[in-house]
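1. A predicted structure for the sequence below; I have some questions about it.
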Amino acid sequence: MDTLERFIRRLPKAELHLHIEGSLEPELMFALAERNGIAIPYASVEDVRAAYAFSNLQDFLDIYYAGAGVLQTEADFRDLAMAYFERAAADGVVHAEIMFDPQTHTDRGIAFGAVIEGLLAAMAEAEARLGITSALIMSFLRHLSEDAAFETLEQAEPWLDRIAAVGLDSSELGHPPGKFARVFAAARAKGLKLTAHAGEEGPPAYVHEALDVLGVDRIDHGNRALEDGALVARLAREGMTLTVCPLSNLKLCVVDDLAAHPLDRMLAAGLRATVNSDDPAYFGGYVADNYRAVAEARGLVRGDLVQLAKNSFTGSFLPPDAVARHLAAIDAVALD
Ligand SMILES: Nc1ncnc2[nH]cnc12
Ligand SMILES: [Zn+2]
């Protein structure tokens, strides 16, 4: 491990943009397929990895939803999340706000309770054994209807005190945030925080809509906001957090090359950008890999890495006293 890697891993970090289904490594996919007697269209782990070449978001989503088919029982969801927490802990993640897509599972006949109870069991174990705190973000699939999202919100009712926020993911183009205005308003009325993918493939207008129509607390990705100077100024002025995912951006061709990644431009514009892994099993890296890859490609200095780690806590849904504690821990590492 070199000096940069050691510094990144030692920095306490929060991960704010992680789809738990996107942390399904091919090895676990095979193990769960066997455990559940499910056929998958791959001969080997290498075969699965070879299929992970995407030209856009939809290419990836098709494979990602198919892969999630091996997840059947509460134990499967617990094992999936536990594998993520182990990996995140090794990267110095001390807090994770994880998205899950209930509709990907309930539409296959899996009970909402099996999904969330499995995740909650892993979250409790991760806190007890690894010292990682976590929160759940329930994401609606935007290629489905708003009525379907309302149904999901209703299914979540018995667990609402265990869910921190709702999110909006899946195919962005053609499914603007405004399509979910009423269900986001209902979620806010229930005391949930709000976040939405916007400006990953979609235009700056979708970022405006996420802010103005949905009233989000965070923007997931937000890359294309940079095309609109007034929007950038507003995001900076309002201290809006962007959960940026460099390796995802590369794999889904949001950027052609990491050398052209806009992360440092975002920081220079005063945006509260953070670094996250999105779907690490599919995009070739967890959080520390993302910090490292973008740091090397864009020549980030230690001060930038410290700023990014701090942003991950100020942009989290943690209470102010916990945020202050984590910021002090970052300063202790930075000054060491
Ligand atoms: N990067 C991404 N964008 C939209 N939906 C997703 N679901 C999982 N990963 C996603
Ligand atoms: Zn995402």
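-> Cool, got the structure. Ligands and ions are numbered 1, 2, ... in the order given.
2. quick one: residues contacting residue 188.
-> By C-beta atoms under 8 Å, 6 or more residues apart in numbering, the residues touching residue 188 are 194, 215. Glycine gets a C-beta too; all of them are placed from N, C-alpha and C.
3. what helix or strand is it on?
-> helix 181-189 (DSSP states H and E).
4. going by contacts, tell me the helices and strands next to the next helix or strand after that helix.
-> Sequence order places strand 193-198 as the next helix or strand after helix 181-189, per DSSP H and E. The criterion is 3 or more C-beta pairs under 8 Å, 6 or more residues apart in numbering; DSSP states H and E, and the helices and strands that strand 193-198 contacts are strand 165-169, helix 181-189, helix 204-209, strand 218-221.
5. so what touches the shortest one?
-> When you say that, I think you mean strand 218-221. Outside strand 218-221, the residues that touch it by C-beta under 8 Å, 6+ apart are 16-17, 167, 169, 193-200, 207, 210-211, 225, 235, 240-245, 249, 254, 315.
6. just list the residues touching residue 205, thanks.
-> residue 176.
7. follow-up on the earlier one: and ligand 1, which of the contacts of strand 218-221 contact it?
-> Restricting the contacts of strand 218-221 to those near ligand 1 by C-beta under 6 Å from any ligand atom leaves 169, 197, 200.
8. top of these by neighbour count?
-> When neighbours are taken as other C-beta atoms under 10 Å, the top entry among those is residue 197 (28 neighbours).
9. now that residue, nearest residue through space, not along the chain?
-> residue 220 (4.3 Å; C-beta to C-beta, 6 or more residues apart in numbering).
10. pLDDT score for that neighbour?
-> Listed pLDDT for residue 220 reads 98.
11. so what sits opposite it in the bridge?
-> Per DSSP bridges, the residues bridged to residue 220 are residue 197, residue 243.
12. please report the distance of it from ligand 1.
-> Look at residue 220 and ligand 1: by C-beta to the nearest ligand atom, to the nearest Å, they are 8 Å apart.
13. what do you get for residue 150?
-> Taken as C-beta to the nearest ligand atom, the span from residue 150 to ligand 1 is 20 Å.
14. shouldn't that residue be within a helix?
-> Yes - checked against DSSP: H, G, I helix; E, B strand; the rest coil, residue 150 lies within a helix.
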